[in-house]
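Engineer: dropping a prediction and its sequence here:
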Amino acid sequence: MTKIVVAMSGGVDSSVAAALLKREGYEVIGMMLRLWSEPGKEDSNRCCTPDSMAMARRVAAKLDIPFYAVDAKEIFRNTVVEYFLQGYARGETPNPCLVCNRHIRWEFLFDHALAMGADFMATGHYVRLRREGAKTQLLKGVDATKDQSYVLHVLTQDKLARALFPVGEYAKSEIRALAEQMGLAAARRPDSQDLCFLAGEDYRNFLQRNAPQVNRPGKIVARDGRVLGEHNGLANYTIGQRKGLNLASSIPLYVLEKRAAENVLVVGPAEALGTQELLAVNVNWTSGEAPTGTFRAMVKSRYTARETPGLVTPLDNGNRVSVRFDVPQRDITPGQAAVFYDGDLVLGGGLIVSSR
Amino acid sequence: MIYLDYAATTPLDSRVFDAMLPYFTETFGNPSSTHRYGQKAEAAVETARETIAGILNCRPDEVIFTSCGSESDNLALRGVALAQRKQHGLRRILTARTEHHAVSKTAERLQAEDGFQVEWLAVDEFGRVLPEAVEQALSPDTALVSVMYSNNEVGTVNPIPAIAEVCRRRGVLLHTDAVQAAAYLPVDVQALGVDLLSLGAHKFYGPKGIGALYVRKGTPLQSLLTGGKQEFGLRAGTHNVPLIVGLAEALRLADLEREERTARLKPLRDHIIGAVLEHIPNARLTGHPIERVPNHASFVFKDVDGNLLVNLLDAAGFACSSGSACKTGNPEPSEVLLSLGFPREWALGSLRVTLGLGTTPEDVEAFLSALPGLVQKARDLSGVK
């Protein structure tokens, strides 16, 4: 019988994912990652509090499937949290969920699932798969408001071949209704927000405690080098930000650039905001093959950003790309990913390192 | 699934189940009642007490029924410590880090909140408390010594008669936690020489939720529960008649079939130990190679996450346990293994395999053919870290 490991979180999506697979008659195993929390804050980690693990365990019992907790504290601290801190040290706005999906969920947990004898690993993400011959395509979830393909662009063919995303075919409201109907206690749990290891706090407090050196006060300057004021740490600002600069100016000023090496924040008027080209690295092509030439695509440069059209040019055999948007974008942010789409199809994506 | 975790708990013996059944519905009375319903229930409780006393080689009124082995341990430590302080001003408790938490955590609490002083006895590399260690640690203000009969994690059997000899000579009370041992070792309290001994029924095919404490006549003991005068005023609360009957019947069968059970399981257990040490690299037996309960094999594997190994075994159809097992994926090395001197990278990779009445030679063979591959898988996965 086909054996499927479901990565559970105690939330409604992964609970229903497990229930749907069980209903289809597969042999289902629930697994849950025990992620890292700051010492003393274990109870507030949103992904793996004792409470959410107890919930996942209840769901597994209700579905009559085995449930195993997997200790990922050390690797999570060493990869995801480290990346988060390093990103801010470089003046970026890092997206640790991308790193978690790539290295923790789809390498570490995936390897554990295979060791358990699983044929597939399923998660509660809102994306879909289409299998075409030996290839597997990654598509957006049916529910456009919940689509999570942005964070899963990191999946490679060998992962996609063994992946299942049962909830991606449904709208979130349908998933909640299914959970109610199946009597899953997770049905009414609120959707998770923010980064799990921030324990519900502002990321700045976390940085202050864990890497005070990356967030020191420095100068705020204009493009021409004029010093306009003091900032209280680059990590406290994002590109395009207007509020909270505390500058006396006759016109509204926006964050244009964060120069980590000099610890300088560059600001300017709205007209100066916006860049039309970005460079992204560590590019993953979900098809397993990099395109050879420039192509047009819809590009999403932040989880919450709208897709905008542009020209994508693969460089270095596709390991890097440059993207030229049709019109300038106001908030292209190093540390976030640029993900390329053809309609619902995820072509690939990479980490933004610069824009101009 | 193949169950190899009999030290965690055992299934109820069908003969025990049959003996208990009438006391749930037909003979349901409260033994404290004066009418005939009560008298019948009381007779069942007292018959059970006599059966147990016969096996322990003590007087029936030296047997106190409790709700479980942990309660027996709590009553022994706290009850004796409080009474000894009140009657004789004694404030020191001697016990070991290798004890079950029911003993060690109770001792810690007595120290933290009740002003007692706990002295942790030295153990050897097998987890044994030797009589010399007790002799050295004894002092005039020692209220109680508590040393387990056999260890739940590593299976080692302590030299209780020799320790008792030391305690008796110095006039100090000795408690032993026999919860794990009673399934396979004789529990004659005169031969052991102990003043208190804890039992829990579910470790020897009896029901969960029932235990007993042997208390030698004249031992200072203060009750922990206040209420009715049940159990000679030492343990208030309405008697759980069917479970008490079940405890007595399970202990009677364990005593009756002790040699037969041992003779069948010990060779299987020895086969496991031999095969594991021979076929799995970087594996070590934990606990004493000879002085151990006959159904118990325990190991550590270097650079293995014991929690993960147990999960892999479960997925492959074998139920075992690990000293670092944690349902929430937050493993810590067992205090027992650390106190035996194992470094962290060994202590985290512990595995306990305990056999029982349902274990067949085929089960053991299936387990032995699966284990080496799973240990390797667990090692490969830890390598990812």
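Structural biologist: Nice, I can see it.

Engineer: mind listing the helices for the stretch 101-250 of chain B?
Structural biologist: B:101-114, B:131-137, B:160-170, B:189-192, B:241-256 (DSSP state H, counting those that start in this stretch).

Engineer: closest one to chain A among those?
Structural biologist: With distances scored as C-beta to the nearest C-beta, the stretch of those nearest to chain A is helix B:101-114 (19.1 Å). C-beta: built from backbone N, CA, C; applies to glycine.

Engineer: distance from the chain centre to the closest one, please.
Structural biologist: 17 Å (C-alpha atoms, centre = their mean, to the nearest Å).

Engineer: elements contacting it?
Structural biologist: Applying 3 or more C-beta pairs under 8 Å, 6 or more residues apart in numbering or on different chains; DSSP states H and E, one finds that helix B:101-114 contacts helix B:69-74, helix B:80-88, strand B:92-95, strand B:117-120.

Engineer: got JSON lines for those, with distance to residue B:336 too?
Structural biologist: Converted to JSON lines, the helices and strands packed on helix B:101-114 look like this (distance: least, C-beta to C-beta, whole Å):
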{"stretch": "helix B:69-74", "distance to residue B:336": "16"}
{"stretch": "helix B:80-88", "distance to residue B:336": "23"}
{"stretch": "strand B:92-95", "distance to residue B:336": "13"}
{"stretch": "strand B:117-120", "distance to residue B:336": "12"}
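
Engineer: now the helices of the stretch 101-250 of chain B in CSV, with mean pLDDT, distance to residue A:74 and mean neighbour count?
Structural biologist: Compiled in CSV, the helices of the stretch 101-250 of chain B are given as follows (pLDDT from 0 to 100; distance: least, C-beta to C-beta, whole Å; neighbours: other C-beta atoms under 10 Å in any protein chain shown):
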stretch, mean pLDDT, distance to residue A:74, mean neighbour count
helix B:101-114, 97, 26, 17
helix B:131-137, 97, 37, 17
helix B:160-170, 98, 41, 18
helix B:189-192, 98, 45, 17
helix B:241-256, 98, 44, 24
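
Engineer: pLDDT weak spots in the chain?
Structural biologist: Let's take chain A. Scanning chain A for pLDDT under 70 picks out A:42-49, A:187, A:191-193.

Engineer: if you could check chain B rather than the one you did, that'd help
Structural biologist: Using pLDDT under 70, the flagged stretches of chain B are B:324-326, B:383-385.

Engineer: in it, which residue sits closest to chain A?
Structural biologist: Closest residue of chain B to chain A, C-beta to the nearest C-beta: residue B:329 (3.1 Å).

Engineer: domain ranges for chain A?
Structural biologist: Domain segmentation of chain A under automatic domain parsing yields A:3-198, A:216-272, A:275-355.

Engineer: ok, which of those domains comes nearest chain B?
Structural biologist: Checking the domains of chain A against chain B by C-beta to the nearest C-beta gives domain A:3-198 as the closest, at 3.1 Å.

Engineer: contact residues of chain A facing chain B?
Structural biologist: Contacts of chain A with chain B, taken as C-beta under 8 Å from any C-beta of the partner chain, map to A:29, A:32-34, A:48, A:50, A:53, A:57, A:66, A:68-75, A:78, A:107-108, A:111-112, A:115-117.
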